[in-house]
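S.K.: Got a sequence here, can you build the structure:
(one chain, ligands or ions: 1)
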Amino acid sequence: MQIHETIGGLRAALKPLRPAARIALVPTMGNLHEGHIALVTQARRHADAVVATIFVNRLQFRPGEDFDKYPRTFAADCEKLAAAGVEHLFAPAESEMYPQPQRYHVEPPAEHADVIEGEFRPGHFRGVATVVMKLFQIAQPDVALFGKKDFQQLMVIRSMAADFDLPIEIVPGETVRAADGLALSSRNGYLTDDQRKEAPRLFRTLTKVVENIRAGNRDFPGLERAAMAEMAAHGWIPDYIAVRNTFDLQLPAAHESRLVVLAAARLGSTRLIDNLEV
Ligand code: PAF
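M.R.: Coordinates of the predicted model:
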């Protein structure tokens, strides 16, 4: 695996591959787990060469969030990516990505970026869209993969790619879960042993909401309230549990069948997110 720390280095390495090879991009912030590796494996099926990126993007963290303590495990990440057959890793320093404070940003529309997760993390999706647009410009992939665990992020990136006519296929990856249902996430590492035992309740609560909807219950606000109360009764501080349509995450129309239940809740100081499609 070739490791590139500069934009010029990555571009020079990819240039001879084009146009013959199809290039896949798997953007990450590192601290890789099986969910990321599943995206890499999936990427290989879509392309001849896989480019992974590791960059903890300050722009998508709000002051007081976990940017500083976000786990940085570069050596272990490199081993995992090389073992998964990644040809190129782009791992720039902040000074390479943002040699000066970023002046131009990608501003997703409020109905995509200021709701659900965006209501609790104002500016987050602007930061995500901006860095992903930069990574797209830098690597110019044919296809890019994003996990469904960050369902709203996937929707924002898909919409951005469509609105800007980017010639990049956006491919979703299924959420990878531990045996007890907890969605794999770099942030699971913040949990204490006791919190780790409690953490699968998020998945179980989402499962219950999904089962209720499948059984014909369309009282979405009632289901959301009951699920939030269930989490709170077990010591969680839920930010939201929300039933939305899958395509633009707006409130579902009366007979909408393409539904997703999204959740974010705090367990101690760790904020976990998850979602389940109905
Ligand atoms: O999902 C992530 O890890 C990040 O939001 C991404 C897409 C790499 C952008 O920083």
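S.K.: list the contacts for the nearest residue to Lys69 once chain neighbours are set aside?
M.R.: Closest residue to Lys69 apart from its sequence neighbours, by Cβ to Cβ, 6 or more residues apart in numbering: Tyr190 at 8.0 Å. Backbone N, C-alpha and C define where each C-beta goes, glycine included. Neighbouring residues of Tyr190 by Cβ atoms under 8 Å, 6 or more residues apart in numbering: 66, 69, 269-270.
S.K.: how about the closest residue to Phe247 other than its chain neighbours, what does it touch?
M.R.: What sits nearest to Phe247 in space, not counting adjacent residues and going by Cβ to Cβ, 6+ apart, is Arg258, at 6.5 Å. By Cβ under 8 Å, 6+ apart, the residues touching Arg258 are 245-247, 278.
S.K.: circling back: can you pick out the most distant pair from the contacts of Tyr190?
M.R.: Lys69 and Thr270 (10.9 Å; Cβ to Cβ).
S.K.: Mind checking which of the two has more residues around it?
M.R.: Thr270 (18 against 8; other Cβ atoms under 10 Å).
S.K.: thought the more buried one was touching Asp194?
M.R.: No: counting by Cβ atoms under 8 Å, Thr270 sits too far from Asp194 to count as a contact (12.0 Å).
S.K.: May I see the buried residues of stretch 24-35?
M.R.: 24-33, 35 (16 or more other Cβ atoms under 10 Å).
S.K.: ok, how many other residues are close to the nearest residue to Leu166 once chain neighbours are set aside?
M.R.: In space, and not counting its chain neighbours, Leu166 is closest to Phe136: 6.2 Å by Cβ to Cβ, 6+ apart. Applying other Cβ under 10 Å, we find 20 residues neighbouring Phe136.
S.K.: Please apply the same query to the one 5 residues further on.
M.R.: A total of 26 residues lie near Pro141 under the criterion other Cβ under 10 Å.
S.K.: Helix, strand, or coil at it?
M.R.: coil (DSSP: H, G, I helix; E, B strand; the rest coil).
S.K.: residue contacts, it?
M.R.: By Cβ under 8 Å, 6+ apart, the neighbours of Pro141 are 23-25, 47, 51, 168.
S.K.: if we take the residues you listed, which one ends up nearest to the ligand?
M.R.: If you rank the contacts of Pro141 by distance to the ligand using Cβ to the nearest ligand atom, Leu25 comes first, at 10.0 Å.
S.K.: which stretch of helix or strand covers Asp180?
M.R.: Here Asp180 sits in a region with no helix or strand, counting by DSSP states H and E.
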